[in-house]
Structure formats: structure tokens, C-alpha cells
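Asks: Sharing a model that was predicted from the sequence below.
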Number of protein chains: 2
Amino acid sequence: MPKQIHLNAFHMNSPGHSWAGLWAHPRDQSSAHNTPGYWTHLAKTAERGKLDAIFLADVIGVYDVYGGTPDAALKAAAQAPTLDPFPVVPLMAGVTEHIGFGVTATVSYEQPYLLARRFSTLDHLTGGRVAWNIVTGLLDSGARGAGQTGLAEHDSRYAAAEEFLDVTYKLWEGSWADDALVQDKAARLYTKPDRVRRVQHQGERYQLDALHLVHPSPQRTPFLFQAGSSTAGRDFAARHAEAVFVNGPTPELVAETVRDIRRRAVAHGRDAYDIKVFLGATLIVAPTDAEAQERHRSYAEYIDAEGTLALISGWSGIDLSRYGLDEKIQATESNAMRSLTDTLRRLGPEKAWTIRDLTRFGPEGTRGAFLIGSPATVADGLLHWVEATDVDGFNLVRLVMPESLEAIVDLLVPELQNRGVFKTDYADGPLRQKLSGSPRLSDRHPGARFRF
Amino acid sequence: MPKQIHLNAFHMNSPGHSWAGLWAHPRDQSSAHNTPGYWTHLAKTAERGKLDAIFLADVIGVYDVYGGTPDAALKAAAQAPTLDPFPVVPLMAGVTEHIGFGVTATVSYEQPYLLARRFSTLDHLTGGRVAWNIVTGLLDSGARGAGQTGLAEHDSRYAAAEEFLDVTYKLWEGSWADDALVQDKAARLYTKPDRVRRVQHQGERYQLDALHLVHPSPQRTPFLFQAGSSTAGRDFAARHAEAVFVNGPTPELVAETVRDIRRRAVAHGRDAYDIKVFLGATLIVAPTDAEAQERHRSYAEYIDAEGTLALISGWSGIDLSRYGLDEKIQATESNAMRSLTDTLRRLGPEKAWTIRDLTRFGPEGTRGAFLIGSPATVADGLLHWVEATDVDGFNLVRLVMPESLEAIVDLLVPELQNRGVFKTDYADGPLRQKLSGSPRLSDRHPGARFRF
């Protein structure tokens, strides 16, 4: 059997996500993200297409690096407003049976004892379909909302994340034995007390001496997603993640990233393929290449350049409002700008990159897989990316909702199924079992050492 | 029109709630609380009965005061395990249209910026049907889970709660103008930046300088519930609560509490009836008095005395395992024990109260309204309580699920409707509008001063 491709719908509880401005497209319904119907339709559509999961990004804070104000982000709905992703999971779970739900939560602002309970509760209610996308915070504006003076230094956030995970592993894996809950009505015994124990943690940032409040859920530890691209982030992912989300503008650069992640996993005593790698993919599919190109033109009209630069300014920490749209991007003293120009140079050493290029909505842009065409054309493109990079699948970037996802589900998925590279039905069991064969953490995973 | 009675279903995401042991009753289905079907059935049943809200209690921690261990609580499922109440709200909202959802969240462990976002998100997704039951923490074991050495001192928790509420009011009421979100596709303008502002708070415990992440939801501030019974708790409720939950064993004692709450509300510049008072009520209803008595006997067989004492030990802070079941309760040096014996003396000055009396499952017990009988008998009893105490309604204590709630919905509610004291249909609008006539906070409410 050829290598199977995995697909997640990459989404966010916001009117705009990766590309700012598409909410204004006449056919887009993203403004309804604050109503249940938006989410139940998304979930049913994605499950109809046998997608693995709906991956919910999140950001705490507002994109105010661009021009030093949130104005561009607010006007273009660039991840603003941003609602809590957790409450839409039960809504979607209520109308589906198989699809998983990745939820982003930030170790920098959450309380491990309460977050562990929330994930365990969701894992119970969804029958083991929950993943946690572990993030450490992105925006200073979010840190100021959470009572901090600004975002903590990058590597120290990852050190805190390590400790946070140890605490949650102890709660998820080590507090309740599998046979603790007996629910024996005749004996009037609900839980065997000697099969439940307090877990202790006395660390630098977290202290805890408590029972986990929830009995073991189908997966115990939720399936673990991560998306760090820095060295500290990749090393963290190599230790903890069961799936990682990467971006990259060319197959060569993505292949390098994937090799590095798998190499680091092995260095941490795991298998190279213990980690599923998902590449961000912007796919515009229609019955014919010509129709897809027309659709691309129609979407592109709505891309908001300022809103998109507000997003990139937030991601990079560089205030891109200081440059004209046609100004050439040049290395400056700033580390972030040096890193951006390094990437661009590797992407096109012969080209004079401008600020406008960063907002380019098309395959010639700087973002990642961007494919436009008929089901056959896009399937060819995806298979080329898989072969060239060794990724396991794609996070499908949200475009015009629901039409762009419906096109993937109704046109592209059957094409992939016909080629034998995409499942025709879901495997049994919890999300982890579907993705990696077992409902619980692998023995090689660092969380496994905390088992009861 | 006679005074209308309000009814909430008092529930918890746990196999046991107010009375330990009922999970073991052959007809009880509470063990399924970790599955969606349990909650959707509860919600549909409660909405069929035109109940105002499902009020979800919560506790962070385990009841380990009794005997210094959680064993009794674990064995009897006395609020253990306890799952997160938030995720069941969207499940229930997805299958209902009108009923409200009260969710308990603890100011002592939550982050105001994130909690405000979570409530705003839920208020959007439910069309304005969310209430927050504000609590300050109950159990040392919970504080130790949340990284504290123990529960903070009682009055200091209420001072922290005051500040926490100021922060959330600023976010809910003061960050976005009503006309900030325009969603104008033609103008490609989602939000008017000049109609959104950062809110600032530099307090003793909380610091914040941030936009609220969510545009105004139907109620903005969720409808506010509170249940404090101490002096600090009542004063807090008189300032902030729009509904309070009280308990008390006799109409006389409850009437005193209600008078005190209304008097304190007036002292804070509010109307006496700005606060709806709900009394805890254990109701066992059947077609005839005899059948209801039989049902009571059947339920009583399953009350777990140790589990119940574990709950009361947690609530009072007194380790009741140190006494025999038939030992007389006497005042000791302990403040908590003095307060308990004071109450008992007022309840029955002539009686020698024993520990066993505290676990009594019946009208002769020490808890609150406890009525057994036909619809007519129980309706008479409720109307007597209303007349004698001036309460606005009742929190219906969960017993054997779903049968005891179904009996209330199918037998008692029609009886109350026939008497003209219970609505035959829901009023329009968000929960606050249904309960107090307006979807937003009253101008007299302290949150109103933070309006944009």
C-alpha cells in the first residue's frame, strides 16, 4: 500500500485565520464563527471527507506589532476577534463520530491542574478524540492581558513548557490506575481508593500535591501536537509531540525541517516516525484547472495586504509598517529581520524580495504548499510534496468557508482515495489509535514514565 | 398574577452531587455523566419543563477532610471524580433553544483574561444563555492542586474576588462599543478600531492592559450567580449577584437570610428584588403521595452515610470521622463546630442532635426544603416556602437521574402551571432578559460603571 496521506482542517474560532480579508468574499460565511451552525457544518463536512482532525489554532492577544496598534488586524479581521476554541469542540463532537479535535492551549497562561482536567473531560465526552496543540505564547499583547509585563524570553518559555508537561503527565498517566473506577452498584463501590494516588510535583515554576480530578479517559494524555520552529521548539517537539505542524516555502526547505525533526526524535530515544509531520497547505480545488484558477483570482481579490502584514508582523516581531509595500527586504540589525531575509535568500537567491511578496496569495509566495487546480492537479502536487519532503500529511489552510473545504472533501478526497493514498473509512478507536495504532502513549514517549 | 416561581436543575459533572450514594440506585444513570447522551437528555428534559436554567456546581479538589483521606468520597462517588462543567454546556446548548446554563468557576484559580474570554465565547455560542456562578474555592486539596500551599483565608478570597470581577467587568463592558463590529463586506471593514479600546487594571492582585479578545456577546457580562453564606460572602453577593443560591433548614431561618440579602442589596444602591433568591430543594414527586413515599424509601436505602459525612466535613471543615454516628454534637473550641451547633440549636433547641442527623435524607433533616408527595402536595409545600421566605425559586437538587427530574417536569410543573405560578412558555431573549427584563446589566449594578 502506498504511503497514506493524512489531512486536517486547520481552523480558528475567529473570522480570519491564515489569510486576512477572505471574510469579505461574497460567498464566505466565516463571520458566523460565533454561532453553533458554523461549527456543526464544518465538523460534518470534514467527517464526510474522512479528515483526521479539525485542528483549532488559537492566539491570546491581538496583532498590534504592525504600526504599534491593533487597527489593521481589527479592520481586516486578522485573527481578531478571537474566541476560545474549547467550547466549539463539544458542539462538533455532538454531530460526529470519528473525527479528532486538536485544541490549542498556552502553557504560559494556563494552570496545569485545571487544564489537565479540561482535556480529560473533553477526552471523555468525545470518546478519545482530543489532541492538545501545545503553544508557549506568541504576542506581547497577550502576555499583558494575562498579567505579565510582556512575553517571557523564548527559551525560558520552553523550559516552563517542559515542567508544565511533566505536571500534566503525572496527572493524566499517574494518578488513577486503569482499574480504579469499578462502578459496582451491588457492592456500592464507585472507586477503589487504593487505586488512586496523589501526584507530587515540586518544581521551579509549578508545585502540586493532588489527585487528578478525573478518572482515566480513553487516551489519558490527549494526543500531542506542536508547531515550534525554533531550535528550542523543535527539540521540545522531538521529545513530546506525536504530530508536528510545519510550514516552509519549498520542498527542499521543508524536507530539511522534516529530517531535522525525525533526527531529533531518534536522539530522544523515539522512532523517527513516532512523529507525524503535517505541512500547511493552501489548496484551491475545482472540477477543472480553469475553474480553480478562476476561483483563485476571485479569492485573491479579497486578500487584505495590511491585515496580512499585521499577521506577519506578529509572527516575526517585525513592524512591517515601517516599510513601503515595494521596498526591498534587506537584512538589518534585527535578529528577526536577519532570519526572514535568510529564508528569502534561500528561497530565491536571485530575486529582490519586497514587502509585497510576503502578502502574495499564490504558489509564487513565501508561505508553504499552495496548489490550485483540478482534483488530479492538486493530488499530483500533494504527492510530489510528500515524496520530496517525507511529510505525513497536510493541515488544510482555511480559505472561503465552507466552499473551499467542501471542494476538498467532495473533489480532492475521492481523487486521493482512487489513487489509494487516502483512507476510505476511519480506523477504530480514539484519535491516537487511528493515527498511531494504540490509544495510549507509546512506551518510548517521555510521558510514559509517569504511569501508575 | 401571583408571584411566579423559578426553577433550576442543580447539577454537577460528577456521578454524585448533594447526596452521596444515589449513583448505586438501580434506576440511576449518573455514572454516564462522562458521555454526551447524559447531558443532552438532561437538557431536553429540563427545557421540556420550562426550567429557567441548569445550574452546574463544581469543586476543585477532593473531599479529604473526613478522616484526612479521600477514601470515603471516592468509594461513594461524593463529588469524585469531578469533571470540568464547561464542556457540557455547548453539548446541552446544541439541543435546546431557551434554557440557561449556570457554570461555576473559581476566582482563586482562574485567570481573569482567559476566563472572561471563555464566558464571552459561551455567551455567543448559546445566544446569551450563560450565567457564572462565582465561587472563591472550598477545599484545601484544590488549592494544593493549583499550586498553593492551602486555601487562602476566607475574607481575603472575597477581596480577591472583588478585584477579579472589576477586571472582568472592564473586559466585558468596557473594551468594545456596541457598534464596533460592523462586518461590512462592501467596505471590507470588519471592526472599527476606534470603537475598541484597551482596558487597564493595575491592582493588588491583577494587572492588565489589553483589549478584550471577544466582541460583545448578547449579555456581555454573563448573568451572575453566587452562593456565599458568610458575612463576606453575602456582602459580595449583595453587590454583584443577580441571583443567589441559599440553603437553610426551616422557613424561618431562610426568611432571615433572604431579608438580609435584600437589605444588603439596598445598602449597595440596588433594589431589594434586583437579586433573585433560589433555595435548594430536594423534591420527590410521584403521581400519589403513597407512591412518592415509596420512592423516598427506595432512594433513602442508597444514601451513603460516610460519603455524605465526607461532603459535610468538606463544607464545614470539620473532620466528622472523629465522632461516632450516634454521638451528640456539642460545641467545641472550633469555630466551625460552634457555628454548626448554633444552627442546630436554632433548628431544634429541644433536640439532642447527633452526627447521624446530619445524614438524614428527609424533611426531618438539616439541609433545606425537602418535600415528598403528589404534585399537589409538593406544590403546596413549595408555595408555603415561597410565602414564608420570600424566595424567588428553587434549585432542584439532583437525586436519581433522570427519573427524579422527569417526575418534576412531567408531574409537578403542570401542577404549578395550573395554579398560575409557573410560566407556560419561555420569555424571549437572553437569560438575563428572561429573568430580569433586560439583556444587559442593570444601571444599578456595579459592573455598569465600566461601560464603554
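Replies: Received the coordinates, thanks.
Asks: For A:Ala57, the count of nearby residues, please.
Replies: Residue crowding around A:Ala57 was assessed by other Cβ atoms under 10 Å in any protein chain shown; the count is 23. Heads up, the C-betas are built off the backbone N, CA and C, glycines and all.
Asks: hang on, it packs against A:His11?
Replies: Yes. The pair formed by A:Ala57 and A:His11 meets the contact definition of Cβ atoms under 8 Å, at 7.1 Å.
Asks: Do a quick rundown of the helices in the stretch 51-200 of chain A.
Replies: The residue ranges that make up the helices of the stretch 51-200 of chain A, judged by DSSP state H, counting those that start in this stretch, are A:71-76, A:88-93, A:112-125, A:140-145, A:154-174.
Asks: touching chain B at all, the third one?
Replies: Read it as helix A:112-125. Yes. Helix A:112-125 reaches chain B (Cβ under 8 Å from any Cβ of the partner chain) through A:Tyr113, A:Leu114, A:Arg117, A:Arg118, A:Ser120, A:Thr121, A:Leu122, A:His124, A:Leu125.
Asks: Export those as CSV, with columns for distance to A:Pro15, neighbour count and pLDDT.
Replies: What follows is these, written out as CSV (distance: Cβ to Cβ, whole Å; neighbours: other Cβ atoms under 10 Å in any protein chain shown; pLDDT from 0 to 100):
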residue, distance to A:Pro15, neighbour count, pLDDT
A:Tyr113, 33, 25, 97
A:Leu114, 28, 20, 97
A:Arg117, 30, 24, 98
A:Arg118, 25, 23, 98
A:Ser120, 31, 29, 98
A:Thr121, 28, 26, 98
A:Leu122, 24, 26, 98
A:His124, 31, 25, 98
A:Leu125, 27, 28, 98
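Asks: Can you pull out the low-pLDDT segments for the stretch 201-350 of chain A?
Replies: In the predicted model of the stretch 201-350 of chain A, residues A:333 satisfy pLDDT under 70.
Asks: neighbours around whatever residue of it ends up closest to chain B, how many?
Replies: The stretch 201-350 of chain A approaches chain B most closely through A:Ala210 (3.4 Å), counting by Cβ to the nearest Cβ. Per other Cβ under 10 Å, the neighbour tally for A:Ala210 reads 24.
Asks: That one contacts B:Pro70, correct?
Replies: No. When contacts are counted by Cβ under 8 Å, A:Ala210 is not listed as touching B:Pro70 (10.1 Å).
Asks: Ramachandran angles for the closest residue to A:Gln200 other than its chain neighbours?
Replies: On the basis of Cβ to Cβ, 6 or more residues apart in numbering or on different chains, the spatially nearest residue to A:Gln200 that is not a chain neighbour turns out to be A:Asp209, at 5.2 Å. Torsion angles at A:Asp209 (phi, psi; degrees, to the nearest 10) stand at phi -150, psi 90.
Asks: In contact with A:Asp209: list those residues for me.
Replies: Listed by Cβ atoms under 8 Å, 6 or more residues apart in numbering or on different chains, the contact set of A:Asp209 reads A:Arg198, A:Val199, A:Gln200, A:His201, B:Arg144, B:Gly145.
Asks: switch the cut-off to 6 Å
Replies: A:Arg198, A:Gln200, B:Arg144 (Cβ atoms under 6 Å, 6 or more residues apart in numbering or on different chains).
Asks: Now for the first one: which residues touch it?
Replies: By Cβ under 6 Å, 6+ apart, the contact list for A:Arg198 reads A:Asp209, A:Ala210, A:Leu211.
Asks: and it, what are its phi and psi?
Replies: Dihedral pair for A:Arg198: phi -70, psi 140, per degrees, to the nearest 10.
Asks: Without its sequence neighbours, what residue ends up closest to it?
Replies: Of all residues beyond its chain neighbours, the one nearest A:Arg198 is A:Leu211 (5.5 Å), with distances taken as Cβ to Cβ, 6+ apart.
Asks: isn't that neighbour right up against B:Asp64?
Replies: No. Taking contact to mean Cβ atoms under 6 Å, the distance of 8.5 Å between A:Leu211 and B:Asp64 leaves them out of contact.
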